[in-house]
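Chemist: Give me the fold of what follows.
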Amino acid sequence: MGDSVPVRCPECLSTQAYAAPVFPCACGSPVAPPVVAGAVAEPITHRNWTDEWVTVRCGACGREDDWPHPELGCPCGAILRVPVRTADTARPTGGPADRPGGSTTGADRTPSDRTPSDRTHSARTHSSDTASGDTAFGDTTSGHTTSNGPAGAGRSALDRAAFRPVTIRTGRDAVAAAAGYLRWLGFREVVQPEERPASGVDLRAPGLVAQVDPSTRPTGLRAVECLWLNGLSASAASVFFSLAGYTPEARSRAAEVGLPLFVLDLTGTPQPVNRAADELAADGA
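Modeler: I've put the predicted structure just below:
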């Protein structure tokens, strides 16, 4: 994990410690977004491509890559974008663009030259390298994580291998990331229907129904209640995953019925946002 710094939530004015996720550079060195200590974080209400990525320069080789922007789930329910110091666009001497015949394509471009496809390729490449067995320099998790897995993972997580997230680029990736996390928690035979049923349930397992909201708007009360009712009818536990967080009404209802709520960041790592989710992450299935 990166250095721990205090981050202030503008919604509830609370301050909590946050350590940025660490990513593996192509040269093999760990890199972490340089978060701004003591800065006021920005609540995320809508998502767009530009704000989801931050350019980070490797201190060892000078390479610049785009990585998911650090996010933090506040206990008040807000999803916060943590301010970072962006990489200087000046390229170190001897970089790819300075070598004879060198190119400035893909990850070697300056931040202003990069395209969304370059950013996706960068994240996809490094995610694939880590999943294939290369050394991971810390899990891509947020402030209240442990070194053994995603946020909230407690002592029981010591018996599990480190969770390996899947970079989210599409709605299907979000569902796949949630399925992988549920399997990591210990749920067996987690399946994803080929087509999403009318009930909205994206994932099923014995004793489990789960829904994933990949939209750019916070998940509302109706979606949470519908999943809870689906769980009751199936005599199964219900778990909700969202990319953009939840409305206050949805969080309140989930707290009343004990439904775990998670937020997915773009690295594919779920972050618990209520007590039920914290308990599930700590105890497992």
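Chemist: Can you give me the neighbour number for Leu13?
Modeler: 9 (other CB atoms under 10 Å). The C-beta positions use only the backbone N, C-alpha and C, and glycine is treated the same way.
Chemist: Ser14 now?
Modeler: Neighbours of Ser14 under the rule other CB under 10 Å: 12.
Chemist: Val212 now?
Modeler: As a burial measure, Val212 scores 27 neighbours (other CB under 10 Å).
Chemist: Now do the helices in the stretch 1-150 of the chain.
Modeler: Along the stretch 1-150 of the chain, counting by DSSP state H, counting those that start in this stretch, helices occupy 116-131.
Chemist: show me where it has strands.
Modeler: Using DSSP state E, counting those that start in this stretch, the strands of the stretch 1-150 of the chain run over residues 4-8, 15-19, 23-24, 30-31, 42-43, 53-57, 64-68, 71-73, 79-81.
Chemist: of all those, which lies closest to Thr167?
Modeler: strand 64-68 (7.8 Å; CB to CB).
Chemist: looking just at contacts, which helices and strands does the closest one meet?
Modeler: Other elements packing on strand 64-68 under the criterion 3 or more CB pairs under 8 Å, 6 or more residues apart in numbering; DSSP states H and E are strand 53-57, helix 116-131.
Chemist: Lowest average pLDDT across those?
Modeler: Least confidently modelled of these is helix 116-131, at a mean of 43 by mean pLDDT.
Chemist: So what touches the next helix or strand after it?
Modeler: Moving toward the C-terminus from helix 116-131, the next helix or strand (DSSP states H and E) is helix 171-185. Identification of contacts with helix 171-185 by CB atoms under 8 Å, 6 or more residues apart in numbering yields 149-150, 160, 163-168, 190, 192, 202-203, 205, 208, 210, 212, 214, 239, 241, 243, 262, 264, 268-270, 280-281, 284-285.
Chemist: can I assume Gln271 sits in a strand?
Modeler: Yes - looking at Gln271 with DSSP: H, G, I helix; E, B strand; the rest coil, it is inside a strand.
Chemist: doesn't Cys74 make contact with it?
Modeler: No - using CB atoms under 8 Å, Gln271 makes no contact with Cys74, being 10.4 Å away.
Chemist: Give me the nearest residue to Ala174, chain neighbours excluded.
Modeler: In this structure, Ala174 finds its nearest non-sequential neighbour in Pro214, 4.2 Å apart by CB to CB, 6 or more residues apart in numbering.
Chemist: element containing Ser252, please.
Modeler: helix 248-257.
Chemist: I meant Glu225, not that one.
Modeler: Here Glu225 sits within helix 221-233, counting by DSSP H and E.
Chemist: same for that helix, what does it pack against?
Modeler: strand 208-213, strand 237-242, helix 248-257.
Chemist: Wait, Ala254 touches Asn274, no?
Modeler: Yes - using CB under 8 Å, Ala254 and Asn274 qualify as a contacting pair, with a distance of 5.8 Å.
Chemist: Name the residues contacting each of the two.
Modeler: With CB under 8 Å, 6+ apart, Ala254 and Asn274 have common neighbours Pro260, Leu261.
Chemist: out of these two, which sits in the more crowded spot?
Modeler: Set Ala254 next to Asn274 and count neighbours by other CB under 10 Å: Ala254 wins out with 27 against 22.
Chemist: Among the contacts of helix 171-185, name the buried ones.
Modeler: With burial judged by 16 or more other CB atoms under 10 Å, the buried subset of the contacts of helix 171-185 is 149-150, 163-168, 190, 192, 202-203, 205, 208, 210, 212, 214, 239, 241, 243, 262, 264, 268-270, 280-281, 284-285.
Chemist: And the contacts of the helix holding Glu225?
Modeler: By CB under 8 Å, 6+ apart, helix 221-233 touches 199-201, 209-211, 213, 237-238, 240, 246-247, 249-250, 253-254, 257, 259, 261.
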